[in-house]
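# Quick one, structure for this:
(one chain, ligands or ions: 2)
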Amino acid sequence: MGYTIGQKLIKNHLLEGEMIPGTEIGIRIDQTLTQDATGTMAYLEFEAMGVERVKTELSVAYIDHNTLQTGFENADDHRFIQSVAKKRGLLFSKPGNGICHQLHLERFGKPGKTLIGSDSHTPTGGGIGMLAIGAGGLDVAVAMGGGTYYITMPKMVLVRLTGKLSPWVSAKDIILEVLRIMSVKGGVGKIIEYGGEGVKTLSVPERATITNMGAELGATTSVFPSDEITKAFLKAQGREEDWIELKSDDDAVYDEIIDIDLSSLTPMAAIPHMPDNVKTVDEIGKIKIDQVCIGSCTNSSLLDMLKVAAILKGKKVAPNVSLTISPGSMQVLNMLSLNGALSDILSAGARLLECACGPCIGMGQSPNSAGVSLRTFNRNFEGRSGTADAGIYLVSPEVAAASALTGVLTDPRTLGTMPEINMPERFIINDNMIERPAPAEEADSVEIIYGPNIKPFPSSTDLPGSIEAPAILKVGDNITTDHIMPAGAKILPYRSNIPYLSNFCFRQCDEHFSERCKAAGKGFIIGGSNYGQGSSREHAALVPLYLGIKAVIAKSFARIHSANLINAGIMPFTFAEPADYDRIDTDDILALENIRENIEGGKPVSIKNITKNESYALSYEYSARQKAIILAGGLLNYTKNISE
Ligand code: MIC
Ligand code: SF4
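Residues are numbered from 1 along each chain as shown. Ligands and ions are numbered 1, 2, ... in the order given. Just a heads-up that it's a prediction; the model follows:
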């Protein structure tokens, strides 16, 4: 039996376990990336591990999220990360150089390699045939130290593309269609692989738009073959030697196949407040809009920006619309400025933002009250933009630019003939904003600079024999990490200050969550299905740990969050009978009796509802390693125990 691309990549990096879907495997990691919002914590954890120099082939620390410096905090964190990078052997990408995923694709990603990143959109690298996976900061720190990375062996899904996109329909519409079909939890435990004749019609940036938003499917990762198109892209980046061919075997077997005829797609949008709430632009109609934001790691490539410039050229942005443009990287911005496209964008009345995440993570540009904002981004979760009652629509650059001109949601097919945009044969290469590490022999003299905003991260203790505590919070389905630990310009600067962050935990669901946790001293969270979807931020586990949360009992979990909970020493359990979810109310006193003994012995676990005098069976599928981590009270304790 032949292999799929995902299976080949895993097989070439397999260190532990067997490639049996649903079982835990350990893989070797070639490259890592971090961004600043998760990076500060990841490097604090790396420092706690006591490793002198990173042991990967390549590790890069990017600064792209916390670039608004409204106080000393972000600049201090940048300085801390830069000093760690210099001392420990990492490349450092300075603020303003661009968004980690776009930059990594341009300058460092290599087909056939493994990459983990402390950001959920790391699978963008699948666009050039990498096995690129989003992970919690601690997992990335372990990989930087040369440690194995563990995942559940995924199932393989083939999305078979046939035909060719019609004019004005783009890669964003393909992934929106996949989201419509599969939903935000449809990808959990799966690798989404793209194949079929239609693949040849898609350039690398278009492929990367698709793999990027595979994160919204909950997938382990997404991947494209590495072919002549990949080669041409790497050549244009001056990196032809990094190319290898990668394709699935003819007799590869997939667990699921989804067929999409590209020619049947029309412009689409994900309507508020979930990325899988997908409708065609026609179905939604000409709603009035207030803001258009073009950029983010999903749609900020040169190709995207050139399309936008061509649409805006010689025209004027509608009076009621604020249009922002964030190019994905310095390379993109440089090329736009040299070929005049930037002038077309600016002349139309756009606001140019720096090459960073910006509005995507609520770092500025929050819409007006009850505003409607069209964004080329990947997430439209309620409140994420910074305006609680704004409605965010996720669209392609073509829909975004066309709508910015009319002031209403507009089908770009009404614009007439589509301008032809080609990929450049050579990108402008300028790595002036990448700092190289000190040579190993000089590393000793580099001092790590800690700012006053850096507070110790919470510690956890061994799993006790039994736990009795209230159900502090009960939430519904599809709770995102943005609900658990919100981001945005006001909160993000405190990513290295867990005590302060704890004041904002679950704010959107229960204003008093933090105080109630502090009063109770310990507690449980009851969740619906797909609990913890969205980002990789381990803060969504570290802050609940700080607040005394001992276990989360949900109908199902998102992959990265479940791994982060275990790493923090918080037990994720699922209801054996999903209907038992309905039987628990907030403030019910619950007890996990003999929990230590049960986990240790792999015995069945149930939770007693003392208030209602009932008991509910729970399921857990911890590997032997995960059990040991839970018993030790988290990955850091576990690592310390085995190295003592
Ligand atoms: C996001 O898009 O939500 C983020 C901000 O990039 C996160 C990481 C973080 O919370 O710092 C992600 O996607 O992992
Ligand atoms: Fe940055 Fe947004 Fe991409 Fe997250 S999704 S990495 S915030 S651009």
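# Do a quick rundown of the strands in the stretch 101-250 of the chain.
Ranges of strands within the stretch 101-250 of the chain are 114-117, 131-134, 149-152, 155-162, 190-195, 221-223, based on DSSP state E, counting those that start in this stretch.
# what's the most buried one of the ones you listed?
Among these, the stretch with the highest mean neighbour count (mean count of other Cβ atoms under 10 Å) is strand 221-223, at a mean of 31. From N, CA and C alone the C-beta is placed, and that goes for glycine too.
# Return the residues in contact with the closest residue to ligand 1 within the stretch 101-250 of the chain.
With Cβ to the nearest ligand atom as the measure, the residue in the stretch 101-250 of the chain that lies nearest ligand 1 is residue 120; the distance is 3.6 Å. If you count contacts by Cβ atoms under 8 Å, 6 or more residues apart in numbering, residue 120 has them with 134, 215, 534, 535, 536, 560.
# Isn't the last one up against residue 137?
Read that as residue 560. No - under the criterion of Cβ atoms under 8 Å, residue 560 lies out of contact with residue 137, with a separation of 10.8 Å.
# Give the phi and psi angles for the closest residue to ligand 2 within the stretch 451-600 of the chain, as a check.
For the stretch 451-600 of the chain, the residue closest to ligand 2 is residue 535, as judged by Cβ to the nearest ligand atom, at 6.9 Å. Note on residue 535: backbone dihedrals following degrees, to the nearest 10 are phi -80, psi 170.
# Is it correct that it is in contact with residue 482?
Yes - taking Cβ under 8 Å as the contact criterion, residue 535 and residue 482 are neighbours in contact, 7.0 Å apart.
# hmm, back to that, check the gap between the residue of the stretch 451-600 of the chain closest to ligand 2 and residue 45 for me.
If you measure residue 535 against residue 45 using Cβ to Cβ, to the nearest Å, the figure is 17 Å.
# With residue 572 instead?
As judged by Cβ to Cβ, residue 572 and residue 45 stand 20 Å apart.
# How about residue 634?
Distance from residue 634 to residue 45, counting by Cβ to Cβ: 11 Å.
# same thing with residue 293?
Per Cβ to Cβ, residue 293 is found 33 Å from residue 45.
# Kindly report the residues of this protein close to ligand 1.
For the chain, the residues found near ligand 1 under the criterion Cβ under 6 Å from any ligand atom are 37-38, 65, 119-121, 134, 361, 487, 534-537.
# Among the residues you listed, which are located in helices?
Among the residues of the chain next to ligand 1, the ones falling in helices (DSSP state H) are 37, 38.
# Is it possible to get JSON lines of the residues of the chain next to ligand 1 that adds pLDDT?
Converted to JSON lines, the residues of the chain next to ligand 1 look like this (pLDDT from 0 to 100):
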{"residue": "37", "pLDDT": "98"}
{"residue": "38", "pLDDT": "98"}
{"residue": "65", "pLDDT": "98"}
{"residue": "119", "pLDDT": "98"}
{"residue": "120", "pLDDT": "98"}
{"residue": "121", "pLDDT": "98"}
{"residue": "134", "pLDDT": "98"}
{"residue": "361", "pLDDT": "97"}
{"residue": "487", "pLDDT": "96"}
{"residue": "534", "pLDDT": "97"}
{"residue": "535", "pLDDT": "97"}
{"residue": "536", "pLDDT": "97"}
{"residue": "537", "pLDDT": "98"}
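# now residue 445, nearest residue through space, not along the chain?
For residue 445, ignoring the flanking residues on the chain, the nearest one in space by Cβ to Cβ, 6 or more residues apart in numbering is residue 438 at 7.8 Å.
# That neighbour is in contact with residue 86, isn't it?
Yes - A contact is recorded between residue 438 and residue 86 when judged using Cβ under 8 Å, the distance being 5.1 Å.
# Now do the shared contacts for those two.
residue 446.
# Compare those two and say which is more crowded by neighbours.
Neighbours were counted for residue 438 and for residue 86 using other Cβ atoms under 10 Å; residue 86 has more, 20 against 16.
# Now do the phi/psi pair for that one.
For residue 86, the backbone dihedrals (degrees, to the nearest 10) come out as phi -60, psi -40.
# Over to residue 375?
phi -130, psi 140.
# circling back to that earlier point, which one of residue 535 and residue 482 is surrounded by more residues?
Regarding residue 535 and residue 482, a neighbour count based on other Cβ under 10 Å identifies residue 535 as having more, with 30 against 22.
# The nearest residue to the more buried one once chain neighbours are set aside and residue 530, how far apart?
The shortest distance from residue 535 to any residue other than its chain neighbours is 4.5 Å, reached at residue 481 (Cβ to Cβ, 6+ apart). If you measure residue 481 against residue 530 using Cβ to Cβ, the figure is 11 Å.
# Which pLDDT does the model give residue 459?
Per-residue confidence for residue 459 comes out at a pLDDT of 83.
# And for residue 181, the neighbour number?
By the other Cβ under 10 Å criterion, the neighbourhood of residue 181 contains 15 residues.
# Could you verify my assumption that it touches residue 256?
No - judged on Cβ under 8 Å, residue 181 makes no contact with residue 256 at a distance of 10.7 Å.
# contacting residues for the closest residue to residue 530 other than its chain neighbours?
Spatial nearest neighbour of residue 530, excluding adjacent residues (Cβ to Cβ, 6+ apart): residue 185 at 4.1 Å. Taking Cβ under 8 Å, 6+ apart as the contact definition, residue 185 lies against 217, 218, 478, 529, 530, 533, 556, 558.
# where in this protein is pLDDT low?
Residue ranges of the chain with pLDDT under 70: 643-644.
# switch the cut-off to 80
Within the chain, the stretches with pLDDT under 80 are 640-644.
# Ligand 2 contacts on that one?
When proximity is defined by Cβ under 6 Å from any ligand atom, the chain lies next to ligand 2 at 65, 99, 119, 121, 296, 297, 357, 360, 361, 377, 378.
# Looks like the second one contacts residue 328 (just checking).
The reference is to residue 99. Yes - under the contact definition of Cβ under 8 Å, residue 99 touches residue 328, with a separation of 5.1 Å.
# Would you enumerate the residues in contact with residue 540?
Neighbour list for residue 540: 481, 484, 485, 532, 561, 564 [criterion: Cβ under 8 Å, 6+ apart].
# Just give me the neighbour total for the second one.
Okay, so that is residue 484. Count around residue 484 with other Cβ under 10 Å applied: 30.
# try the fifth one
The criterion is other Cβ under 10 Å. On that basis, residue 561 has 29 neighbouring residues.
# what packs against the helix or strand hosting it?
Element membership for residue 561 (DSSP states H and E) is helix 559-568. For helix 559-568, the elements it packs on are helix 137-144, helix 539-546, strand 571-575, helix 624-632, helix 635-643, judged by 3 or more Cβ pairs under 8 Å, 6 or more residues apart in numbering; DSSP states H and E.
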